[in-house]
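>>> model this:
(one chain, ligands or ions: 1)
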Amino acid sequence: MKEVFEKLGISDVNSGAYCGEWLDTSGEIIEVFSPIDDSLIAKVKSASEEDYEIVTQKAQEAFKIWRMIPAPQRGEIIRQIGLELRKHKDNLGNLVTIEMGKILTEGLGEVQEMIDMADFAVGLSRQLYGLTMMSERPSHRMYEQWHPLGVIGIISAFNFPVAVWSWNAFIAGVCGDTMIWKPSSSTPLTAIAVTKIVHKVIEKNDVPKAIFNLVIGRGSTIGERLINDKAIQLISATGSCNMGKKVHQAAAKRYGGVILELGGNNGIIVMEDANLELALKAVLFGAVGTAGQRCTTTRRVLIHEKICDTFAEKLKKAYSSVPIGNPLNEGILMGPLVDKATVKIYLNALDIIKEQGGEIIYGGKVITENVLGECYVEPTIILVKNDMPIVQEETFAPILYLIKIRDIDEAIKFHNDVPQGLSSAIFTNNLQYSEQFLSHAGSDCGIANVNIGTSGAEIGGAFGGEKETGGGREAGSDAWKAYMRRQTNTINWGKEIPLAQGVKFDV
Ligand code: NAD
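Residues are numbered from 1 along each chain as shown. Predicted structure coming up:
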């Protein structure tokens, strides 16, 4: 750990604000613990309001210059950041695991995702296309163009402490925005490490210093300051539905833009004809991977009643063979929950589930043997009814609900009958079932898959969900449009000035 910290420039006590330079911050001290063994690994002096003001001012000044640099040259900066990330992949991946607790292959995967996002954004920097329209007026040209927005705020959750920033920052960067990142106060060290990597690139280039800025602090203090700040054109917020509602309301009051990437309650439908081996693997990774702490984690399996018992037995067997322990060790597939508070949430949810009539058929306990700390829990499988109140909520822990369905109509009805709408999947070889699931009357989620699980999305598609998941889209496809403002332009190169719709106004 010492070597990882040294290589990434993490000290015992770190500054919590960056705007081209690190500020001598004066906010409260945040202690950072590793969920691997509950040890204190470093401290961060969080950003005060005064620190925040300095960062915002620098970001606004930098925007005036950055917006006028041609997009492909902005892409070149992102390309260099991608190269720097490649050099630091091992150390940064390790730090993700140490700070957040996901297994090392997932920690490294997260950094790979940043690298992939950088490559994507570089290509995009030459493809910020607008349309040309046919004007109804003679000798008129009409087209649309896209301008940078301004300073944007990026609020990220603990569970993807670095990748989610890159989805936003690299796209916003090529679009010509400057930004202020407020990471989760549970995972500030990875944000500091990323910002130090970015700083190396910024220093080497003739660009404004305050493009990729950072403020660390609690959601209730610095987070609230950010979302209520008129100077911030767009808030891209990733986190719980409750947090998203606050962001939405604060932004609406000041006519600010939002991208909301909030909680999920993701379901996999397994029909009677499904390839059960495929479905089993997808459910296992979806429900147990990242210890159930992905927004796309599989939380509900809607399983045909004819195969429910067989599938449940296979699943229990698979669960019992999942190695749980130190996420840095090779072969471990499930690490700890992020902190002790989340362990309490897990236990509390299990009490409620039992009260509401759920039947725990696997797991349900905190693990105390052969682990280094107090954040390890058993992945849990529970037989429930879809309409139980607890099933409507996202409990951010490895709890999987099995729900019996009779046919495809009931499966889709149950599937959509929760407030969230992020990721969904069906396992079937029946063309009619899969097409019905993908039709206008099918899954109501932002992501709908066939014979692939709910988690592990690729960056090329637009990522996000509907309903209480917030409606935002990030990463691939045309998600970049949210980081720019559209302008419709009409140019008259003729000698008359005709009005549209045939209106006459001659004197
Ligand atoms: P959280 O809502 O507790 O915190 C997320 C971020 O919001 C943190 O940076 C936090 O400090 C900040 N925040 C909290 N209150 C705030 C406020 N009033 N003003 C401004 N900022 C505030 O979420 P978490 O526990 O860190 O992450 C887990 C949640 O995130 C889950 O619900 C998960 O589904 C969701 N998530 C969604 C996606 C997605 O893309 N849809 C991705 C990852 C995580």
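>>> Flag every buried residue along the longest helix anywhere in the chain.
Secondary structure assigned by DSSP state H gives helix 104-124 as the longest helix of the chain. Using 16 or more other CB atoms under 10 Å as the test for burial, helix 104-124 gives 104, 106-108, 110-118, 120-122, 124. For glycine as for every other residue, the C-beta is placed from the backbone atoms N, C-alpha and C.
>>> same question, stretch 84-102
By neighbour count, and taking 16+ other CB under 10 Å as the criterion, the buried residues in stretch 84-102 are 84-85, 88-89, 91-102.
>>> from those, which ones fall inside helices?
Filtering the buried residues of stretch 84-102 for helices - DSSP H - leaves 84-85, 89, 91-100.
>>> how about the helices in the stretch 301-450 of the chain?
Remark: helices of the stretch 301-450 of the chain, listed N- to C-terminal, are 308-320, 340-355, 408-416, 431-438; assignment by DSSP state H, counting those that start in this stretch.
>>> hey, which of the ones you listed is tucked in deepest?
For these, average neighbour numbers computed from mean count of other CB atoms under 10 Å are highest in helix 408-416, which has a mean of 20.
>>> Among the buried residues of helix 104-124, name the ones that also lie close to the ligand.
When those are checked against the ligand using CB under 6 Å from any ligand atom, none falls in range.
>>> So for stretch 228-248, mean pLDDT?
The average pLDDT within stretch 228-248 is 98.
>>> Can you check the distance spanned by that stretch, start to finish?
Start-to-end span of stretch 228-248 (CA to CA, to the nearest Å) is 10 Å.
>>> dump the residue contacts of the residue nearest in space to the middle of the chain.
Nearest residue to the geometric centre of the chain (CA atoms, centre = their mean): residue 164, 4.6 Å. Under the criterion of CB atoms under 8 Å, 6 or more residues apart in numbering, the contact partners of residue 164 comprise 156-157, 238, 261, 474.
>>> Let me know the pLDDT of it.
Residue 164 is assigned a predicted lDDT (pLDDT) of 98.
>>> I'd like the distance between it and residue 117.
When CB to CB, to the nearest Å is the yardstick, residue 164 and residue 117 sit 10 Å from each other.
>>> before we move on, what about residue 490?
Distance, residue 490 to residue 117, using CB to CB: 36 Å.
>>> now residue 402
Residue 402 is 35 Å from residue 117, where distance means CB to CB.
>>> Over to residue 489?
As judged by CB to CB, residue 489 and residue 117 stand 31 Å apart.
>>> Quick check, the residue in the stretch 1-150 of the chain closest to the ligand?
In the stretch 1-150 of the chain, no residue comes nearer to the ligand than residue 100, which is 10.0 Å away by CB to the nearest ligand atom.
>>> Regarding the residue nearest to the centre of the chain, which helix or strand does it belong to?
Element membership for residue 164 (DSSP states H and E) is helix 163-175.
>>> That helix: what's the following helix or strand?
For helix 163-175, the following helix or strand on the C-terminal side (DSSP H and E) is strand 178-182.
>>> What helices and strands are in contact with that next one?
helix 49-66, strand 151-155, helix 163-175, strand 212-215 (3 or more CB pairs under 8 Å, 6 or more residues apart in numbering; DSSP states H and E).
>>> Pull up the pairing partners for the last one, direction included.
Partners of strand 212-215 in the sheet, by DSSP bridges, are strand 17-18 (antiparallel), strand 178-182 (parallel).
>>> out of these, deepest packed?
A comparison of these by mean neighbour count, using mean count of other CB under 10 Å, puts strand 17-18 on top with a mean of 28.
>>> State the distance from residue 314 to the ligand.
As judged by CB to the nearest ligand atom, to the nearest Å, residue 314 and the ligand stand 27 Å apart.
>>> Can you give me the distance of that residue to residue 321?
Between residue 314 and residue 321 the computed distance is 11 Å (CB to CB).
>>> circling back to that earlier point, out of the buried residues of stretch 84-102, what pair is the most spread apart?
The distance between the two most remote of these (CB to CB) is 25.4 Å, for 84 and 101.
>>> Domain-wise, how is the protein divided?
Under the assignment named as automatic domain parsing, the residue ranges that make up the domains of the chain are 2-262+470-487, 266-462.
>>> Could you dump those domains into a markdown table and include distance to residue 496?
Conversion of these to a markdown table gives the following (distance: least, CB to CB, whole Å):
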| stretch | distance to residue 496 |
| --- | --- |
| domain 2-262+470-487 | 7 |
| domain 266-462 | 43 |
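>>> So residue 89 is in contact with residue 107, correct?
No. Judged on CB atoms under 8 Å, residue 89 makes no contact with residue 107 at a distance of 9.8 Å.
>>> Can you name the residues of the chain that neighbour the ligand?
Of all the residues in the chain, those in contact range of the ligand (CB under 6 Å from any ligand atom) are 155-160, 164, 182-185, 219-220, 223-224, 227, 238-240, 243, 246, 261-264, 295, 394, 396, 422, 469.
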